[in-house]
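**Q** Here is the input, now give the coordinates:
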Amino acid sequence: MSMKKRDLEIKLQSLDVFDEPDPSLEQYPTPSVIASDILFTAYVENDISGRTVNDLGCGTGIFAIGAGLLGGDAIGYDVSAEAIRIAKTNAEKSGVSIGLEVCDVSDVTRRADTTMMNPPFGSQKRNADRPFLDKAMELSDSVYSIHMETTLPFLQRYVRERGREICYYKTYKYQIPHTFSFHSKSEHIVDVVMVVIK
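**A** Numbers count the residues shown, from 1 in each chain. Predicted structure coming up:
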């Protein structure tokens, strides 16, 4: 694999996003600079190349496509058929072969070495990220997941109670563009944390 992180970021930046995102599903695009950094963190940890990778709530496919570009056997799952349609277009445009399925997170059964995800933050539906965390820990030994930074203490307790540990975390400034009518600013920046669960 000879792709550099900056090259991956540029490739991911060119992916299509939602024309009409669904607010109930919190369909915000993962910024390519954050996605590429997380993907390379997982790549360096030997959690992508030659590994099976699940992308839960894959949206338009950024993690599944990035994992595929880095040599992973990736499948993206999303409950939204429109998300999967866009993800398929993005995968074709990127020249990468990945699996994509319309599927509720609770119905995913494929075990994978690694799960990568940017689950709903829970701003529209409280605790919306918990089914994603539970499923990821059920199916994978290594989990890379994005959450609101303020929830880190809760996340540490939550995964420890399930026999896991957060072995690494990193915070980012996450830009949310003006997407829905209830957004009052042209852009909103929130502090998020990427956790690595082992």
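**Q** okay, CA-based contacts and neighbour counts for the rest of this
**A** Will do.
**Q** so who does the most centrally placed residue in the chain touch?
**A** Central residue of the chain (Cα atoms, centre = their mean): residue 117, 2.6 Å from the mean position. The neighbourhood of residue 117, defined by Cα atoms under 8 Å, 6 or more residues apart in numbering, consists of 55, 56, 57, 58, 63, 144, 145, 146.
**Q** Out of those residues, the closest to residue 29 would be?
**A** If you rank the contacts of residue 117 by distance to residue 29 using Cα to Cα, residue 58 comes first, at 10.0 Å.
**Q** Isn't the closest one up against residue 78?
**A** Yes: the pair residue 58 / residue 78 is scored as a contact, 5.5 Å apart, by Cα atoms under 8 Å.
**Q** Those two: which is more packed in?
**A** residue 58 (29 against 23; other Cα atoms under 10 Å).
**Q** In helices, which of the contacts of residue 117 fall?
**A** Mapping the contacts of residue 117 onto helices (DSSP state H) picks out residue 63.
**Q** Turn the contacts of residue 117 into JSON lines, columns for distance to residue 12 and pLDDT.
**A** Output for the contacts of residue 117, formatted as JSON lines (distance: Cα to Cα, whole Å; pLDDT from 0 to 100):
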{"residue": "55", "distance to residue 12": "15", "pLDDT": "98"}
{"residue": "56", "distance to residue 12": "18", "pLDDT": "98"}
{"residue": "57", "distance to residue 12": "17", "pLDDT": "96"}
{"residue": "58", "distance to residue 12": "14", "pLDDT": "97"}
{"residue": "63", "distance to residue 12": "9", "pLDDT": "98"}
{"residue": "144", "distance to residue 12": "18", "pLDDT": "98"}
{"residue": "145", "distance to residue 12": "18", "pLDDT": "98"}
{"residue": "146", "distance to residue 12": "17", "pLDDT": "97"}
